[in-house]
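J.: Sequence first, then the predicted structure, then my questions.
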Amino acid sequence: MEITLDGGKVVTAHLNGHTIKTDQPTSVGGTNTAPTPFDLFLASIGTCAGIYVKLFCDQRGISAEGIKIIQSMEYNHDTGLPVNIKLDIKVPEGFPEKYIDSLIKVADMCKVKKTIASMPAFEVHSSVI
């Protein structure tokens with residue numbers, strides 16, 4: 001993955017043929033043309049859980065139409081960091097009741113969530129190009 005600084009407050013990740021742009025709100029000097037990196041990080045949690053839910057439904061021939069995941073966060077007032085992230089899987093009326101607990105279990109298998117929970121080490125280096 002390569003990260004480029006693209007002018008203003010736009011920072012872009014380039015990976016596997018994709019570009020993922022981030023920006024900052026106008027209130028802090030950005031142009032608000034893309035999510036902030038932190039918002040993108042938070043979105044990766046819910047979307048990761050969502051793909052696990054979708055795959056579960058696909059494997060069982062169950063329609064995933066109408067399923068929504070509502071993500072909410074509680075923050076530490078001093079640090080501004082999330083201390084609790086909640087995912088509420090909303091299923092449409094008529095969704096098979098016997099699969100509700102399984103949806104929760106598969107959403108809990110999300111690789112993004114597991115990575116955060118394992119607290120990986122970070123290393124930051126600098127070199128001349």
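T.: Noted; the coordinates are in hand.

J.: How about the contacts made by Gly46?
T.: By CB atoms under 8 Å, 6 or more residues apart in numbering, the contact list for Gly46 reads 69, 71, 87. C-betas here are computed from N, CA, C, even on glycine.

J.: State the distance from the one residue sitting closest to the centre of the chain to Ala13.
T.: Computing the C-alpha centroid of the chain and ranking residues by CA atoms, centre = their mean puts Ser44 first, at 1.3 Å. To Ala13, Ser44 is 12 Å away according to CB to CB, to the nearest Å.

J.: coming back round to it: quick one: which of the contacts of Gly46 is nearest Ile104?
T.: Leu87 (8.7 Å; CB to CB).

J.: how about that closest one, secondary structure?
T.: strand (DSSP: H, G, I helix; E, B strand; the rest coil).

J.: Kindly indicate the member of the contacts of Gly46 with the most neighbours.
T.: Neighbour counts for these peak at Leu87, which has 19 neighbours (criterion: other CB atoms under 10 Å).

J.: Quick one: residues contacting that one.
T.: Applying CB under 8 Å, 6+ apart to Leu87 gives the contacts 45-46, 49, 69-71, 107.

J.: one more time with 6 Å
T.: Going by CB atoms under 6 Å, 6 or more residues apart in numbering, Leu87 touches 49, 69, 71, 107.
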